[in-house]
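*Asks:* Predicted coordinates and the sequence they were generated for:
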Amino acid sequence: MNRLFKIILNTIPRPILIRLSYVIRPILGLFLKGNNYTDPIDGKSFRSFLPYGYGNQRTNVLSPSTLSLERHRLLWLYLKNETNFFTDKLKVLHFAPEQAFYKRFRKLNNLDYTTTDLNSPLADVKADICNLPFEDNSYDIILCNHVLEHIPDDTKAMQELYRVMKPGGWGVFQIPQDLNRETTFEDNSITDKNERAKIFGQYDHVRIYGRDYFNKLRNIGFNVDEVDYTTQLTPEDVDRYCLAQGEIIPFVHK
């Protein structure tokens, strides 16, 4: 059965999987019922998580209940344990809202919550991240995760994020990142989709970010904390929540 899941998850695009998930998730939950691993987003436990990835699949990473990946569960724990996200009255802008978060954030009474994206059906405001229709200094919190690697002019996008964030505001701008690479790699001469997927992780990624990503954000004007939150959790929790040891959360503030 796991082999079948691998084929399905590597063949069907994630947007289609998300639409199918409302039917599939209850079945997956029953099949994988157990107590070895827990999704902290909804508290449900399973004997294993599912594999996920394009090409080189990662095992035991996709939650059967929320369809969260390692980065989603890490961010949830960080927001819950280390920030005022769930408690204070805050105006939040969320780019390309993830299914694991969307309904949960929408229900939080303390948030004035707006979603935005150019194409997502979950977006309240359809907008280009490089030309946002929001006033300066509008938002207390901005979440922009796994978006910038798709944007050709990421400098302009970062400038727009800085412009609409309130002074004293903060955000999380996660990206797929190679922490062993000092400088970000781009090559627009590679046009074959399969080759781009092999080199960049997905065919529609335009770069592989290196460690210089943090300084690029600083050059825009953000203060940046490079948070390895897995070091603040027990090894048992890192394993139980199926997190990626050493993944960095880029916590920015203005």
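*Replies:* Here it is on my side, so go on.

*Asks:* Once you drop chain neighbours, what's closest to Phe200?
*Replies:* Residue nearest to Phe200 in three dimensions, not counting chain neighbours: Ile208, with 5.8 Å by C-beta to C-beta, 6 or more residues apart in numbering. The C-beta positions use only the backbone N, C-alpha and C, and glycine is treated the same way.

*Asks:* Isn't that neighbour up against Lys198?
*Replies:* No. Between Ile208 and Lys198 there is no contact under C-beta atoms under 8 Å: 11.7 Å.

*Asks:* And stretch 76-88, end to end?
*Replies:* Using C-alpha to C-alpha, to the nearest Å, one end of stretch 76-88 lies 16 Å from the other.

*Asks:* Could you say which helix or strand holds Asn35?
*Replies:* strand 33-38 (DSSP states H and E).

*Asks:* in its sheet, what does the helix or strand that that strand is followed by sit against?
*Replies:* Once the chain leaves strand 33-38, the next helix or strand it forms, by DSSP H and E, is strand 45-46. Neighbouring strands of strand 45-46 in its sheet, by DSSP bridges, are strand 33-38 (antiparallel).

*Asks:* Centre-most residue in this protein?
*Replies:* By C-alpha atoms, centre = their mean, the mean C-alpha position of the chain lies nearest to Asn145, the distance being 4.1 Å.

*Asks:* How are the helices of this structure distributed by residue range?
*Replies:* Along the chain, the segments classed as helices by DSSP state H run 2-11, 14-31, 70-82, 99-106, 154-164, 193-200, 213-220, 235-240.

*Asks:* So for the shortest one, what gets flagged as buried?
*Replies:* Going back to what we said before, that points to helix 235-240. Using 16 or more other C-beta atoms under 10 Å as the test for burial, helix 235-240 gives 238, 240.
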